[in-house]
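A.B. asks: quick one, what's the 3D model for this:
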Amino acid sequence: MTSLIFPDWPQPDNVGACSTLRDGGISLPPYNSLNLGTHVGDNIQSVEQNRRLLCEDAQLPEMPLWLQQVHGTHVVTLSSQENKEVEGDALYTSTEKKVCAIMTADCLPVLFTTIDGSEIGAAHGGWRGLCQGVLQNTLSQFKAPKHQIMAWLGPAIGPTAFEVGVEVRQAFLEQNRLFESAFISHNGKYLANIYMLARIILRENGITQIYGGDFCTVTDESRFFSYRREQTTGRMASLIWIK
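C.D. replies: Coordinates of the predicted model:
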């Protein structure tokens, strides 16, 4: 059985959501064991079996559309038509039984739902995507007013582990001086708080119901894959769907 964690938010009854942990699959080291990414060098048959295990254990209504994530800001809309694998870093749908899935191994997965569960979304928030507007682009797909949308910040690199260069801090400060509070000087570089960066963006865009954000994929080795810690490693998924 795959291991799952669930968002700590007031989820609508008609919405399902979860994030995977690293155990519960069949992949061999260094991808042990529930690797869901086909692009990291793992045995493809193992990944496909892991994806089937996830569908069964999470009781997904269908196999997710697995995006080719490129650290960009493009939002893919899932409709009732069959979806082929496409490039993008966020998903939106108001269609039942379509699964929005984001893969990560340190980047920030953000799940969205309206209070009534009529619209959902998911975004892949690496620092480039966050800086360039992936959360804003995802929110722009929603028809509901912002006060009716809530967000959950899933497992990502924690504020004590995310060391970045001066250029990363500068890129954010050029967008908004409020981001300055998310950076702490450290050994000639900076420690960046990816959760704080996301919260600032969400609040600036009218989202006040924000949950999660208390994980660290780097330091919690037993539960999470981490690219920064291991380089060659698997990928977790954060998923949301309308039942």
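
A.B. asks: what's the neighbour count on Pro7?
C.D. replies: Counted with other Cβ atoms under 10 Å, the neighbours of Pro7 add up to 21. Glycine gets a C-beta too; all of them are placed from N, C-alpha and C.

A.B. asks: meant to ask about Ser181, not that
C.D. replies: Ser181: 11 neighbours (other Cβ under 10 Å).

A.B. asks: and it, how far is that from Met196?
C.D. replies: Per Cβ to Cβ, to the nearest Å, Ser181 is found 7 Å from Met196.

A.B. asks: now swap in Gly125 and tell me
C.D. replies: For Gly125 relative to Met196 (Cβ to Cβ), the value is 12 Å.

A.B. asks: these two: who's more crowded?
C.D. replies: In terms of neighbours (other Cβ under 10 Å), Gly125 is the more surrounded of Gly125 and Met196; the figures are 28 against 16.

A.B. asks: do I have it right that the more buried one meets Phe112?
C.D. replies: No. Between Gly125 and Phe112 there is no contact under Cβ atoms under 8 Å: 11.8 Å.

A.B. asks: residue closest to the middle of this structure?
C.D. replies: Centroid-nearest residue in the chain, with Cα atoms, centre = their mean: Pro109, separated by 1.5 Å.

A.B. asks: just how off-centre is the helix or strand that contains that residue within its chain?
C.D. replies: Per DSSP states H and E: Pro109 is located in strand 108-114. Counting by Cα atoms, centre = their mean, to the nearest Å, strand 108-114 is centred 7 Å from the centre of its parent chain.

A.B. asks: C-alpha coordinates for it, CSV please?
C.D. replies: The C-alpha coordinates for strand 108-114 follow below in CSV (Å, rounded to 0.1, in the frame of the first residue of the first chain):
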residue,chain,number,x,y,z
LEU,A,108,6.6,23.4,-3.9
PRO,A,109,3.3,21.8,-4.9
VAL,A,110,0.3,24.1,-4.3
LEU,A,111,-3.3,22.7,-4.5
PHE,A,112,-6.3,24.9,-4.9
THR,A,113,-10.1,24.3,-4.4
THR,A,114,-13.1,26.6,-4.2
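
A.B. asks: beyond that strand, next helix or strand please.
C.D. replies: Criterion used, DSSP H and E; the element after strand 108-114 is strand 120-125.

A.B. asks: contacting residues around that following strand?
C.D. replies: By Cβ atoms under 8 Å, 6 or more residues apart in numbering, the residues outside strand 120-125 that reach it are 15, 67, 69, 71, 75, 89-94, 100-104, 107-114, 129, 134-135, 138-139, 141-142, 156, 194, 198, 238-242.

A.B. asks: redo that, cut-off 7 Å
C.D. replies: 15, 69, 89-93, 100-102, 104, 107-113, 134-135, 138, 141, 198, 238, 240, 242 (Cβ atoms under 7 Å, 6 or more residues apart in numbering).

A.B. asks: show me just the buried residues among the residues you listed.
C.D. replies: By neighbour count, with 16 or more other Cβ atoms under 10 Å, these hold 15, 69, 89-93, 100-102, 104, 107-113, 134-135, 138, 141, 198, 238, 240, 242 as buried.

A.B. asks: mind checking which of the contacts of strand 120-125 are in helices?
C.D. replies: Judged by DSSP state H, the subset of those located in helices is Val134, Leu135, Thr138, Ala198.

A.B. asks: out of those, which two sit at the greatest distance?
C.D. replies: The most widely separated members of the ones in helices among the contacts of strand 120-125, counting by Cβ to Cβ, are Thr138 and Ala198 (11.5 Å).

A.B. asks: does whichever strand or helix holds Ile200 pack against any helices or strands, and if so which?
C.D. replies: According to DSSP H and E, Ile200 maps onto helix 194-204. Helices and strands touching helix 194-204, by 3 or more Cβ pairs under 7 Å, 6 or more residues apart in numbering; DSSP states H and E, are strand 108-114, helix 127-132, helix 134-139, strand 149-153.
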